[in-house]
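Undergrad: next one to model:
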Amino acid sequence: MVVDVSEKVIVITGSSKGIGASIARAFAKENAKIVINYNDSEKQAKELYAELLEHNRNCILVKCDVSKVNEVNYLHDETLNAFGKVDVLINNAGICYDRKVHLMTLEEWQKVVDVNLTGTFLCASKFAKTMITQKKWKNHKYFIS
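TA: Numbers count the residues shown, from 1 in each chain. Okay, the predicted model is just below:
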């Protein structure tokens, strides 16, 4: 199955490195409009952005901590300001403290929950509202008003 993503606006959280960066590269090569999101990895994000611009000028870079609602709103607004729509959200942002649970602090545990779970919820909630409105999916069997 071949899916045409050219001209689709794709937001990839946590896309400054690792799997997210690989996803961004792949979609950029297919002429998608890419929103690169980072929080702490500014150097890697800027390097990826420069790399993608070499073959796809339709990319933006947005700093956003997905665990904070005001920053997710900013990511959303910057996406719409740049491209006027959003077609795909890939909730890729995540953190992991590589140690046994009895060695983790409560603060570390809470940060993992905030980024990996709450961040996913905040992004999905904000972007889904826009995507549903754009597609006018009100008669779709999965739409819940």
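
Undergrad: tell me where the protein has strands.
TA: In order along the chain, the chain carries the following strands (DSSP state E): 9-12, 33-38, 59-63, 88-90.

Undergrad: hey, which of those strands is tucked in deepest?
TA: Mean neighbour count (mean count of other CB atoms under 10 Å) peaks for strand 33-38 among the strands of the chain, with a mean of 27. Every C-beta, even on glycine, is put in place using the N, C-alpha and C of the backbone.

Undergrad: helices or strands up against that strand?
TA: strand 9-12, helix 18-29, helix 42-53, strand 59-63, helix 69-83 (3 or more CB pairs under 8 Å, 6 or more residues apart in numbering; DSSP states H and E).

Undergrad: among the ones you listed, which is nearest His102?
TA: Each of those has some distance to His102 by CB to CB; the shortest is helix 18-29, at 26.9 Å.

Undergrad: helices and strands around that closest one, which ones?
TA: For helix 18-29, where contacts count as 3+ CB pairs under 8 Å, 6+ apart, the packed elements are strand 9-12, strand 33-38, helix 42-53.

Undergrad: which among those is found nearest to Asn116?
TA: Closest approach to Asn116 among the helices and strands packed on helix 18-29 is made by strand 33-38 (14.6 Å; CB to CB).

Undergrad: could I get the longest helix along the chain in CSV with only the CA atoms?
TA: As assigned by DSSP state H, the longest helix anywhere in the chain is helix 119-135. Extracted as CSV, the C-alpha positions of helix 119-135 are listed here (Å, rounded to 0.1, in the frame of the first residue of the first chain):
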residue,chain,number,x,y,z
GLY,A,119,1.8,15.1,26.9
THR,A,120,0.2,12.6,24.6
PHE,A,121,-3.2,13.4,25.9
LEU,A,122,-2.7,17.2,25.6
CYS,A,123,-1.4,17.0,22.0
ALA,A,124,-4.1,14.5,20.9
SER,A,125,-6.9,16.5,22.4
LYS,A,126,-5.7,19.9,20.9
PHE,A,127,-4.9,18.6,17.5
ALA,A,128,-7.9,16.3,17.2
LYS,A,129,-10.3,19.1,17.6
THR,A,130,-8.7,20.9,14.6
MET,A,131,-8.5,17.8,12.5
ILE,A,132,-12.1,16.9,13.1
THR,A,133,-13.2,20.5,12.3
GLN,A,134,-11.1,20.5,9.1
LYS,A,135,-12.5,17.2,7.9
